[in-house]
Structures are given as C-alpha cells and as structure tokens.
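A.B. asks: take this sequence and fold it.
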Amino acid sequence: MSLVDRILLVLYTLLFAMFSVVVVMASLGWKDVLESTVGMITTGNTRWAAGLLGIAFFGVSVKLLYAAFRPRYLGQTVVHETPLGEVRVALEAIEGLVKRVVRQVDGVRDVRGYVSTNAGVVNVDLYVAVSPETSIPTTSEEIQTTVKNQVRNVVGVNVGTVRVSIEGITNEARRGKVE
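C.D. replies: Okay, here's the model as predicted:
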C-alpha cells in the first residue's frame, strides 16, 4: 500500500469514526446532535459541500478497495530473456535461494544476505557466522563459487560480485523465532 493510500485510509477512518460517534449519540437519545447534523447538511451552501464530501468519500472507498485487491507488486526484479519471452525473478526470491545455498556450506552457522542488481547483473552481499574449526578463506571461496553457480543455474542470470563478510565465529547456530 502506497503512502498516499495510507494517508487516505487514515482520513477515511477518522471521518468514519466521527460519523459513528454521531450515530451512537443519536441511538442513545441525543437527538439534538442528529438533528443539527442533518440540518447543517441540508441547508444552504453546506448542502453542496456535503454532496462533494459524499462524492469524495465514495471515491476514496473505491480507491482503497482497489488498493486492497490489486495484484501484489513484485518489487525489484531481474529480467531473464528466453527464446519464448521474458522471465522476471524477484530479488527476494534470489535472496532466499542464496541464503538456502549458503546455509548448506560446511561450517556456516548463520547467514544474512542482500541481493541487488545493476544492468542485469546480480550482486550479492553476505554476512556470515562460521564455526571455529572452519578455514575462513576456504569457506569464503566455497560460498562465492557455490552462490555464483547456483544463481546462474537456477535463475539464469550472471552474478557480478559475491561479497562475504564474516560477522562472527561461533559454535551455535542462530535460532529462528518461535511463534
């Protein structure tokens, strides 16, 4: 949902809340509130303002319904051309693939990764925790080679750089959230 949609949703909700307060007050027997509101809407120049407000309210309703049900945007994608057409792969999908591949390398305890693209070439930044008995140069090279090969084989795009940063040397694997 875009920023404009969120602002519209807040305004819409506030107007709807004010309307619900008037309805609750009228249902509790405070007819003066309801009568003064109806009187204000139906007299003179405020009638036109109330009509325009009603049209705007309807327009915002349609816009928010469209925002709620429109197809989800993939975000940034990598385009892979094939003889039959183009294939778009979300960077989030490539990021998930990279993390899964790196976790399978011996000695890797934890990994965080970020994928970016520049002119159709994928660049990967990895932040890895390894076990103490691991040779960092060997493991880093294995990670880089494995990531380049897997992304090329699975996604079909070239990998420019794979930057590996060792964040920690630990015996424990990071545990996921328990929900």
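A.B. asks: can you show me the helices along this protein?
C.D. replies: 3-27, 31-42, 44-69, 91-103, 136-154 (DSSP state H).
A.B. asks: could you tell me how many residues sit around Ile55?
C.D. replies: 10 (other Cβ atoms under 10 Å). In this view, the C-beta of every residue, glycine as well, is placed from N, C-alpha and C.
A.B. asks: can you give me the distance of it to Ile7?
C.D. replies: Between Ile55 and Ile7 the computed distance is 19 Å (Cβ to Cβ, to the nearest Å).
A.B. asks: still on that earlier bit, rebuild the helices of the chain as a markdown table, extending it with mean pLDDT.
C.D. replies: Below are these laid out as a markdown table (pLDDT from 0 to 100):
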| stretch | mean pLDDT |
| --- | --- |
| helix 3-27 | 81 |
| helix 31-42 | 74 |
| helix 44-69 | 79 |
| helix 91-103 | 92 |
| helix 136-154 | 93 |
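A.B. asks: deepest of these, which one?
C.D. replies: Among the helices of the chain, helix 91-103 has the highest mean neighbour count (mean count of other Cβ atoms under 10 Å), at a mean of 18.
A.B. asks: need the helices of the chain in CSV with distance to Asn171, can you?
C.D. replies: Output for those, formatted as CSV (distance: least, Cβ to Cβ, whole Å):
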stretch, distance to Asn171
helix 3-27, 44
helix 31-42, 68
helix 44-69, 47
helix 91-103, 16
helix 136-154, 15
